[in-house]
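Chemist: give me a 3D structure for the following:
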Amino acid sequence: MKRHVLMSVVATVINGAVFVAALFRQYALVEVAASVLTGLQVFFMSSTIGDLLDKRKEPNRARTSAVVLFTIFLVAFYYFTRYLR
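Modeler: Below is the predicted model:
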């Protein structure tokens, strides 16, 4: 379960870093997507920490999959906007 908390924290940090990078490069659409997804990641992270505090044995697989997919989408969207535009 602690691995899922760590994964949520890392995903939140990655989304925040993409937001800051998009802010410096002035990619408005990426900034909006990054800010929305960072908010979602913080929600997922707090939910995962709540599961850890409730001592649940199994993590929520749908939430874990969403964390990974949102992070991959945002990084791919940033690189597409930066390099393939």
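
Chemist: list the buried residues of the helix or strand that contains Ala33.
Modeler: Assessed by DSSP states H and E, Ala33 sits inside helix 28-53. Residues 30-31, 33-34, 37-38, 40-42, 44-45, 48, 51 are the ones in helix 28-53 that count as buried (16 or more other Cβ atoms under 10 Å). Yep, even glycine has a C-beta here, placed from its N, CA and C like the rest.

Chemist: packing partners of the helix or strand harbouring Val67?
Modeler: If you go by DSSP H and E, Val67 is part of helix 61-83. Using 3 or more Cβ pairs under 8 Å, 6 or more residues apart in numbering; DSSP states H and E as the contact test, the elements touching helix 61-83 are helix 2-25, helix 28-53.

Chemist: dump these to CSV, plus mean pLDDT.
Modeler: Output for those, formatted as CSV (pLDDT from 0 to 100):
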stretch, mean pLDDT
helix 2-25, 88
helix 28-53, 89
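
Chemist: nearest to Ala62 among these would be which one?
Modeler: Proximity of these to Ala62 was assessed by Cβ to Cβ; the nearest stretch is helix 28-53, lying at 10.3 Å.

Chemist: for that closest one, what is the distance to the chain centroid?
Modeler: 6 Å (Cα atoms, centre = their mean, to the nearest Å).
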